[in-house]
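**Student:** No letters, just coordinates:
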DNA sequence: ATTTTAATATGATATATGTCATGTTTTGTT
DNA sequence: AACAAAACATGACATATATCATATTAAAAT
């Protein structure tokens, strides 16, 4: 497929995919060098500020995003007006594979939780690889299978556990999956509203439960910075 | 890969994959005739009685099941001892693709909701096709992408909607996806406990809400048979 | 620096849902 | 047919969580 995008080598972040370290963390690693060179010529880089929307629910994203830096949330608007956060995506991960495969518009909205650097690979360019390069499509398949398992787990938690348990598990999940800053605080910074939208509860409830955790010595907080003081304790929350 | 399974042509249900109509409804339709002939020689047929377990959570299923007849539920045991139903699988669908891809044991349990006829295709036989035949793997990818979208929707519903709404939507979903008997009753017969385990509520609550729906004229019931009397009304339940 | 706005916090109360108890009906078994 | 065992149904009550109100604090804007 012929590349329609002009690329200015001076454009910020216009580095080469084949030399990019980020791809090691996602299914793009399964592409051949030739494929990467071709994609590199076509991709565009983009900076998204904290709070900005990468794409909206129902939008045709027409490609995949590779997150070079930063974190974003994938959420879906419920009929009651609340945004349910379904997944968080960090540096190294891809966004938009599902829509690529199904040829549908996105079922989720992506919003930056802090400043992000992303590369956009147009569908026209990567679709052929997905259909020809079977080790690439197998990698995508593996990631999707992993996401599906995680989604199943979330369903069970939503259905069977209390807000307190879900929030405790969310904190542990963020700790284990996204790590901590040098001072021990969680590296992913979320508002109380975000926590509520992950757990599926009212913002006031999320605030209350976090205050309880603080009183119980399970966590400590300094503004939005949260430090887990008792990881095992959080895991045992009933 | 050499087939280790003996096959007795007299064995019940030992029909040929390449002639089987069922495959049209799932990703096996993307296999070539040669591939189907090879798989057919290796597959085994099995009858599962209502209530029997096809495989358990944590079990290595080592292959995929193709549902020739009947319906089963895929569920996951929560720590509180309740079984959360994550998905229902009917005639024509495959079970076990996810575990095939990830090489993990199953994260779900499969239990027959009525008598079933299934074919089992061993992993050793189909794995190579998944890696070589890209149109097959693309079909599996599409199914997985679809499941993932549905799972996202379930998460949002679980998090943001009332038991009443979730149960109403479940009834509509079963109606639309699995159809009705000649007399208009839902073709999928579930116990009140199953409904509770789909919706993620107590069995008593599911019973109560169904009774309410009945009083409100949204449904009518004769034992386990449920007939939707007002489909639009169910959709408008608050 | 000051003002405005948004985020966090907490109390009071309403409501949905869970739990326990108990009775009835249906289904399966001898 | 008689019995046992599930499944279904419904009441009474407990509890978790939502909602509304109102401070307080932190962040952004001028």
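**Tutor:** Received, thanks. All figures in this text were calculated on a predicted structure; none of them were measured in a lab.
**Student:** Return the residues in contact with the residue lying closest to residue A:179 once chain neighbours are set aside.
**Tutor:** With C-beta to C-beta, 6 or more residues apart in numbering or on different chains as the criterion, residue A:179 has its nearest non-adjacent residue at 5.1 Å, and that residue is residue A:187. (Each C-beta comes from the backbone N, C-alpha and C, glycine too.) Remark: with contacts taken as C-beta atoms under 8 Å, 6 or more residues apart in numbering or on different chains, residue A:187 is in contact with A:178-181.
**Student:** Out of those residues, the closest to chain B would be?
**Tutor:** Each of the contacts of residue A:187 was checked against chain B using C-beta to the nearest C-beta; the closest is residue A:178, at 19.5 Å.
**Student:** Bridged to the most centrally placed residue in chain A, which residues?
**Tutor:** In chain A, the C-alpha nearest the mean C-alpha coordinate belongs to residue A:89, at 1.2 Å (C-alpha atoms, centre = their mean). Partner residues in beta bridges with residue A:89, using DSSP bridges, are residue A:72.
**Student:** From residue B:92, how far out is it?
**Tutor:** Applying C-beta to C-beta, to the nearest Å, the value for residue A:89 to residue B:92 is 34 Å.
**Student:** just residue A:53 next, same as before
**Tutor:** 39 Å.
**Student:** tell me the SS of residue A:45?
**Tutor:** With DSSP: H, G, I helix; E, B strand; the rest coil as the basis, the three-state label of residue A:45 is strand.
**Student:** Can you get me a residue count around it?
**Tutor:** Under the neighbour criterion other C-beta atoms under 10 Å in any protein chain shown, residue A:45 is assigned a count of 16.
**Student:** Could you give the backbone dihedrals for residue A:60?
**Tutor:** When read as degrees, to the nearest 10, the backbone of residue A:60 gives phi -80, psi 110.
**Student:** That one contacts residue A:105, doesn't it?
**Tutor:** Yes - the criterion here is C-beta atoms under 8 Å, and residue A:60 meets it with residue A:105 at 4.9 Å.
**Student:** Now for these two: what residues contact both?
**Tutor:** When contacts are counted by C-beta under 8 Å, 6+ apart, residue A:60 and residue A:105 are jointly contacted by residue A:99.
**Student:** hey, where'd the strands end up in chain A?
**Tutor:** Across chain A, reading from the start of the chain, the strands by DSSP state E fall at A:44-48, A:53-55, A:63-69, A:71-77, A:83-90, A:94-95, A:109-112, A:116-122, A:219-222, A:225-228.
**Student:** Adding mean pLDDT and distance to residue B:71, write those out as JSON lines.
**Tutor:** Output for those, formatted as JSON lines (pLDDT from 0 to 100; distance: least, C-beta to C-beta, whole Å):
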{"stretch": "strand A:44-48", "mean pLDDT": "94", "distance to residue B:71": "45"}
{"stretch": "strand A:53-55", "mean pLDDT": "95", "distance to residue B:71": "37"}
{"stretch": "strand A:63-69", "mean pLDDT": "96", "distance to residue B:71": "36"}
{"stretch": "strand A:71-77", "mean pLDDT": "96", "distance to residue B:71": "28"}
{"stretch": "strand A:83-90", "mean pLDDT": "96", "distance to residue B:71": "27"}
{"stretch": "strand A:94-95", "mean pLDDT": "97", "distance to residue B:71": "35"}
{"stretch": "strand A:109-112", "mean pLDDT": "96", "distance to residue B:71": "34"}
{"stretch": "strand A:116-122", "mean pLDDT": "96", "distance to residue B:71": "40"}
{"stretch": "strand A:219-222", "mean pLDDT": "95", "distance to residue B:71": "45"}
{"stretch": "strand A:225-228", "mean pLDDT": "96", "distance to residue B:71": "44"}
